[in-house]
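S.K.: Pasting the sequence and the predicted coordinates here, then a few questions.
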Amino acid sequence: MLKMTYIRKKTKDGKTYYSLVENTKKGIKTLESYGTQKPIAYQPQIIKGFAEQELKKIPDESVNLIIIDPPYGIEFDTNFRNEESETIGEISLDNEKIFETFPDVVRECYRILKNDSALYCFSRWDTTHRFIAILQKYFKIKNRLNWVKNNWSMGDLSGSYAMQCEDIIFAVKGRHILKEGRPTDYLPYNRVSNQSLFHSHQKPIELIDFLIKNSSKRGDIILDCYMGSGSIIISAVNLLRKSIGIELNDKYIDVLNKRLSKEVLLPLVENTC
Ligand SMILES: C[S@@+](CC[C@H](N)C(=O)[O-])C[C@H]1O[C@@H](n2cnc3c(N)ncnc32)[C@H](O)[C@@H]1O
């Protein structure tokens with residue numbers, strides 16, 4: 001578990017500087033410098049439900065950045081099946097199900113995203129082309145970013161290459177200008193360690209921080225409509241963005257609340273988005 005602290009430092013000239021630091025074995029590492037402005041962190045808006053339905057309730061052009069990690073391979077449930085069985089969180093191993101509702105989700109994402117803004121979509125080599133085919137009906141696809149992990153998959157041990165990369169599709173609505181110079185598409189970030197893992201597809205905060213800093217500013221609204229354990233939300237809150245998370249499984253909403261109490265140290269003000 002991260003040992004993070006929110007600190008205030010007064011300098012000789014009387015100014016107070018705010019930052020978020022982490023206690024590591026090698027000493028104190030600054031995670032985020034907030035400067036002299038007192039940081040305001042926003043309580044995220046968490047919605048329990050199906051992305052394809054809940055997104056319809058969000059106003060046009062009201063969010064600044066969308067980061068999504070659609071379920072592929074595991075943990076996907078359709079709206080139809082859920083209503084029928086009245087159970088939440090049944091696991092389906094059917095990779096195809098996501099492609100039934102994803103076109104509606106993408107259309108809604110485009111509608112609610114402000115012009116000149118970005119969408120990042122996590123994916124994997126064998127589904128990326130299918131996500132792109134749907135996304136490009138609305139968005140301009142700019143890059144396929146390569147998240148290069150410090151571990152690799154098992155799979156066919158002697159008949160296939162071990163998979164060490166995941167894809168992130170970078171798409172834009174209008175002309176989106178990156179905020180942190182010209183980064184490359186090679187993103188080396190360690191996977192989440194087993195002791196900090198709440199979700200089998202949990203994404204590392206440092207990687208999400210990188211995407212959020214490149215494509216939004218403080219006070220902006222970030223949306224994640226397949227929230228899982230809430231890594232995108234945690235990162236948004238600590239980077240002083242407003243956030244909206246949608247997740248159908250209660251279990252993960254509980255996880256997010258626990259993570260908020262441990263991984264967010266700033267006092268939260270009500271989110272007015
Ligand atoms: C790949 S995981 C996201 C993991 C997340 N990025 C993290 O770091 O923990 C996808 C999540 O989407 C949720 N989900 C699946 N279908 C959904 C739907 N139609 N609407 C909303 N959430 C859904 C699943 O319960 C799962 O937790």
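M.R.: Received the coordinates, thanks. Values in this document were obtained by computation on a predicted structure and should not be read as measured data. Numbering: from 1, shown residues only.

S.K.: Could you tell me the per-residue confidence at Leu157?
M.R.: pLDDT, Leu157: 87.

S.K.: Show me this protein divided up by domain.
M.R.: Listed by automatic domain parsing, the domain ranges of the chain are 1-38, 40-269.

S.K.: Highest mean neighbour count out of these?
M.R.: Across those, averaging neighbours per residue (mean count of other Cβ atoms under 10 Å) puts domain 40-269 on top, at a mean of 17. Glycine gets a C-beta too; all of them are placed from N, C-alpha and C.

S.K.: Flag whichever of the domains of the chain has the least confidence on average.
M.R.: Comparing mean pLDDT across the domains of the chain, the weakest is domain 1-38, with a mean of 79.

S.K.: Tell me the spacing between whichever residue of the chain sits closest to the ligand and Phe139.
M.R.: Per Cβ to the nearest ligand atom, Gly228 is where the chain lies closest to the ligand, at 2.5 Å. Distance of Gly228 to Phe139, given as Cβ to Cβ, to the nearest Å: 22 Å.

S.K.: How about stretch 233-248 and the ligand, touching?
M.R.: Yes: residues of stretch 233-248 contacting the ligand under Cβ under 6 Å from any ligand atom: 246-248.

S.K.: and Ile46, what helix or strand is that in?
M.R.: Here Ile46 is covered by strand 45-48, with elements defined by DSSP states H and E.

S.K.: what pairs with that strand, and is each one parallel or antiparallel?
M.R.: Here strand 45-48 is paired, per DSSP bridges, with strand 242-247 (parallel).

S.K.: which element follows the strand it pairs with toward the C-terminus?
M.R.: Next helix or strand after strand 242-247 toward the C-terminus (DSSP H and E): helix 250-263.

S.K.: now for that next one, which elements pack on it?
M.R.: Packing partners of helix 250-263 (3 or more Cβ pairs under 8 Å, 6 or more residues apart in numbering; DSSP states H and E): strand 45-48, helix 231-238, strand 242-247.

S.K.: Using CSV, write out every CA atom in the last one.
M.R.: The C-alpha coordinates for strand 242-247 follow below in CSV (Å, rounded to 0.1, in the frame of the first residue of the first chain):
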residue,chain,number,x,y,z
LYS,A,242,-13.7,16.3,-11.3
SER,A,243,-14.8,12.8,-12.2
ILE,A,244,-17.7,10.6,-13.1
GLY,A,245,-17.5,6.8,-12.8
ILE,A,246,-20.0,4.3,-14.1
GLU,A,247,-19.8,0.7,-12.9
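
S.K.: circling back: which residue is the nearest non-sequential neighbour of the residue of the chain closest to the ligand?
M.R.: Spatially, and ignoring its direct neighbours in sequence, Gly228 is nearest to His199 (4.5 Å; Cβ to Cβ, 6 or more residues apart in numbering).
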